[in-house]
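Novice: For reference, the sequence and a predicted model appear below.
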Amino acid sequence: MLDNKTRAKAFKRIGKIVGAEHITMHETDKILNAIDAWPLSQAKIRAGEILPLADMIAFPGNVAEVSQILALANEMKIPVTPVGGGAGTCGGTVPVYGGIQLDLKRLNKIGEIDHESMLVKVQAGVVGIDLEEEVNRFGYTTGHTPTSLRASNVGGFIATRSGGSMSSLYGKIEDMTLGLEFVLPDGSIVTTKAVPRHSVGPDLLQLFIGSEGTLGVITEATLRLFILPEERHFRSVTFPDVHCGLEAIRKIFREGILPSVARLYDPEDAAYSFSMHFDFEEGHCMLLLAFDGDKKKVKIDETRSVELCIAEGGSDQGEGPAKRWWEHRYDMYYPTRLKTEGYTIVDTIDIVATYDRLEKVYYAMKEAMEAHGAFVLSHFSHMYQNGGSVYMIFFTSQPSAESAWETYKRIWDDGVAACLREGGTMSHQHGVGLTRSTYTEDELGSSFKVLKMIKEVLDPNSIMNPGKLGLGVRE
Ligand SMILES: Cc1cc2nc3c(=O)[nH]c(=O)nc-3n(C[C@H](O)[C@H](O)[C@H](O)COP(=O)(O)OP(=O)(O)OC[C@H]3O[C@@H](n4cnc5c(N)ncnc54)[C@H](O)[C@@H]3O)c2cc1C
């Protein structure tokens, strides 16, 4: 928190930049903005705890205002926490050391579509669904459909290296972003040219993607567009175990087939998610597939994929389960069907690994988390040619707040340790934020020092989102 004099001075100066109606110090605004969708902070608020609050929240309306605010914060050494949609799950927008929360929602313009190059320029505060619906009107899709599409914005997607449900075909946001406008902590505005590929040194664009507000602020992006598919067809297959299901997926991708969706639910998650609606053998896994494209191509890809699944011991379940999942994909997965008592926290850990390690990582993490009494549901949610991700939803319920927070921490510590020990990477799409901040050094190993050096050069006063991504932690 700032001292009264600094707070008052900063408030007055930022008010002059954005206009008095675009800055607030009201307690209710600060409390509402104190958390994102991080389950631990939500549980703590329910338990009556007070979380760190920002000193003020500013709403800049253009890149020049963002630049002036950062220059001022840098001069006064005030922490700045960027806020996108505020739907991150890792505490990325929690203003750990107070200061300014920089809410980008007013940067909400969608530029004209470049039909020839199939690109669109968008400001950081554009909400995912608004962009998707706008480009749909012209026969395009962004291909980026995370479950938080209605809650998160373009800046947040890019800042966290977000992944949509169809990333197997369309890629993650880092594949879709061709160019960026970015404001550095000293207020300078930098742009990277939007080109399909280049050979001019290291890719600076990728340095900013996933930087989670620790290196500066994303204000605009140039994104790729795809033609809306003529056909999207669904197919579901059950397997006696995870191994057979993963083998089938691996073989599908190995042949060069790119389903838009490939999600394998383990026996617990398959039972939880589908047994109320479909009959299939108890203890079996459920694979959901979708294929996008013209009718002929979809038919060929689907037929061959099902053949490969059957050869691995799969049983064809038709389109039902996959189609149902698609139609309900934006429903939130709150545990309404589970009876919970005391202090309950439900959180998710999304990790990624290559095929040679994926199964080992999954079993090791599940065992480590279950050792603390967690109930774990898992699905392999985003699959690629060389491996894929596991999305583990865990539930823990404890009689007291202290034991709940402690158990939650142990589940995370031991779950991530198991992931790293078996050669996985600790996040596929949700980012690091606060949840994974203390594990960043273990995850990055010898390359962590490079990240720290970049941070020290770009942000010598460590004003940008301190405490996140293992950077800028203060005493
Ligand atoms: C129900 C639910 C479902 C979800 N499903 C998915 C999913 O399918 N796939 C997925 O990838 N994620 C998912 N998420 C997580 C989350 O929505 C994403 O990680 C999303 O990318 C965060 O975007 P946001 O705009 O909400 O960011 P915020 O929560 O506002 O911010 C996230 C981080 O990015 C930084 N940041 C935000 N904007 C900027 C900017 N303009 N410049 C610099 N830094 C910035 C913040 O400081 C913070 O560190 C889900 C979350 C929920 C609650």
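Specialist: Structure received. Source: prediction; values computed, not measured.
Novice: Which element, helix or strand, includes the residue in the stretch 151-300 of the chain that the ligand sits nearest to?
Specialist: Of all residues in the stretch 151-300 of the chain, residue 156 sits closest to the ligand, at 1.9 Å by C-beta to the nearest ligand atom. Placement of C-beta: from N, CA and C, glycine included. Residue 156 is part of helix 154-160, with elements assigned from DSSP states H and E.
Novice: For the helix or strand immediately after that helix in the chain, buried residues please.
Specialist: Using DSSP H and E, the helix or strand that follows helix 154-160 in sequence is helix 167-170. Across helix 167-170, burial judged by 16 or more other C-beta atoms under 10 Å covers 167, 168, 169, 170.
Novice: what's the span of stretch 429-448, first residue to last?
Specialist: For stretch 429-448, the first-to-last residue distance is 19 Å (C-alpha to C-alpha, to the nearest Å).
Novice: Give me the contacts around that stretch.
Specialist: 36, 38, 40, 88-92, 94, 96, 146, 159-163, 172, 210, 212, 347-348, 350, 382, 389, 412, 416, 420, 425-427, 451, 467-471, 473 (C-beta atoms under 8 Å, 6 or more residues apart in numbering).
Novice: how about 7 Å then?
Specialist: Applying C-beta atoms under 7 Å, 6 or more residues apart in numbering, the external contacts of stretch 429-448 come out as 38, 88-92, 94, 160-163, 172, 210, 212, 350, 412, 416, 420, 425-427, 451, 467-470.
Novice: Contacting the ligand as well, which ones from the residues you listed?
Specialist: Contacts with the ligand within the contacts of stretch 429-448, counted by C-beta under 6 Å from any ligand atom: 88, 89, 92, 160, 162, 163, 212, 468.
Novice: burial count for the closest residue in space to the fifth one that isn't next to it in sequence?
Specialist: Here the nearest residue to residue 162 in space, its sequence neighbours aside, is residue 173; by C-beta to C-beta, 6 or more residues apart in numbering that works out to 4.9 Å. Around residue 173 sit 28 other residues, with neighbours defined as other C-beta atoms under 10 Å.
Novice: Now the two most distant members of the ones next to the ligand among the contacts of stretch 429-448.
Specialist: 163 and 468 (19.1 Å; C-beta to C-beta).
Novice: Correct me if wrong, but residue 300 is in a strand.
Specialist: No: under DSSP: H, G, I helix; E, B strand; the rest coil, residue 300 sits outside any strand and is assigned helix.
Novice: Okay, strands next: where are they in the stretch 251-400 of the chain?
Specialist: 261-265, 285-293, 315-316, 343-354, 375-380, 387-398 (DSSP state E, counting those that start in this stretch).
Novice: Using JSON lines, lay out those together with mean pLDDT.
Specialist: Converted to JSON lines, those look like this (pLDDT from 0 to 100):
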{"stretch": "strand 261-265", "mean pLDDT": "98"}
{"stretch": "strand 285-293", "mean pLDDT": "98"}
{"stretch": "strand 315-316", "mean pLDDT": "98"}
{"stretch": "strand 343-354", "mean pLDDT": "93"}
{"stretch": "strand 375-380", "mean pLDDT": "97"}
{"stretch": "strand 387-398", "mean pLDDT": "95"}
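Novice: Can I get these in CSV including mean neighbour count?
Specialist: Output for these, formatted as CSV (neighbours: other C-beta atoms under 10 Å):
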stretch, mean neighbour count
strand 261-265, 27
strand 285-293, 26
strand 315-316, 13
strand 343-354, 20
strand 375-380, 22
strand 387-398, 22
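Novice: Which of those strands sits closest to residue 84?
Specialist: Of all these, it is strand 343-354 that lies closest to residue 84, at 18.3 Å by C-beta to C-beta.
Novice: so what does that closest one touch, helix or strand wise?
Specialist: Applying 3 or more C-beta pairs under 7 Å, 6 or more residues apart in numbering; DSSP states H and E, we find strand 343-354 packed against helix 39-46, strand 387-398, helix 401-421.
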